[in-house]
Structure formats: structure tokens, C-alpha cells
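Participant: Sharing a model that was predicted from the sequence below.
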Amino acid sequence: MHDSPSPSRLLAKVLRDTLKLDGPFDSQADLVEALKVRCARFHISWHPDDLAQALAMVGSNVALPTLATTRKHLRNAPHAPLDTPPLTREESARFLANLRARYRERRHVS
């Protein structure tokens, strides 16, 4: 009896090719998106668990981009000036109190 290969093993092979051919990637999200595009091109179906296993397999041997990379880029990205001034402490407190009151009302209505 032949066991069919695990989808995550196939995805790991495609992931390695994606890293070689399309890399480097700034974030893991970019890498996963490129992997999904490549899978669609080759008509390879996948499940999120299979993607996670493939990332773990390849990540055990190869340095993959991380979410921290993404956060670092976001921290260093230029920010547009705010159109409105930030809330004062009092405005923030009122907003939070109103939000909590609405949440409590919804919980009691449901």
C-alpha cells in the first residue's frame, strides 16, 4: 500500500523554490502570499495547517522572514501627519467609558 505524499511536504518543496526564485522577502506574510500564488499557478490545493507545517519544515533548515521583520519596517516607515489632533486624556476616558457601556448593554440584550 502506497501512502500519498503529505501536502505539506509538497508545499515545502514549492516553498523552497519560491524562496530561491522570488526572494528575498521582507516579511513572512509576503513569502506566504508568493507561495499561495505559486500554488494557484500549479493548481496545488492547500490547507492553512499544511502551510504552517511547510513553513516549519523549511524554517528548520533555512532562515525565514519573521513577523518581527515586518514590525521593524513599520516602525521605520515614514508616518503621515495626523489630520486631527490626538485625543486628550479626558476625551479618551469618556470614549472608553461609552464603549464599555455599549458593550454591557449588548451583553444584556443578547
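Facilitator: In hand now; what should we look at? Numbering: from 1, shown residues only.
Participant: Flag the shaky bits of the chain, pLDDT-wise.
Facilitator: 1-6, 66-82, 107-110 (pLDDT under 70).
Participant: Walking through it, point out its helices one by one.
Facilitator: 7-22, 28-41, 48-59, 67-76, 89-109 (DSSP state H).
Participant: tell me the angle of the third one relative to helix 7-22?
Facilitator: What that stands for is helix 48-59. 60 degrees (axes from the mean of the first three to the mean of the last three C-alpha atoms, to 10 degrees).
Participant: Show me the contact partners of helix 48-59.
Facilitator: The list of residues contacting helix 48-59 from outside it, by C-beta atoms under 8 Å, 6 or more residues apart in numbering, reads 6-9, 11-12, 14-16, 19, 28, 32, 35, 64. All C-beta spots, glycine's among them, are computed from the backbone N, C-alpha and C.
Participant: tell me which residues of it are tucked away?
Facilitator: 50-51, 53-55, 57-58 (16 or more other C-beta atoms under 10 Å).
Participant: so who does Arg16 touch?
Facilitator: 58, 62.
Participant: now it: how far from Ala56?
Facilitator: 13 Å (C-beta to C-beta, to the nearest Å).
Participant: can you check Ser92 too?
Facilitator: When distance is defined by C-beta to C-beta, Ser92 is 41 Å away from Ala56.
Participant: ok, of the buried residues of helix 48-59, which one's closest to Pro24?
Facilitator: Val58 (14.2 Å; C-beta to C-beta).
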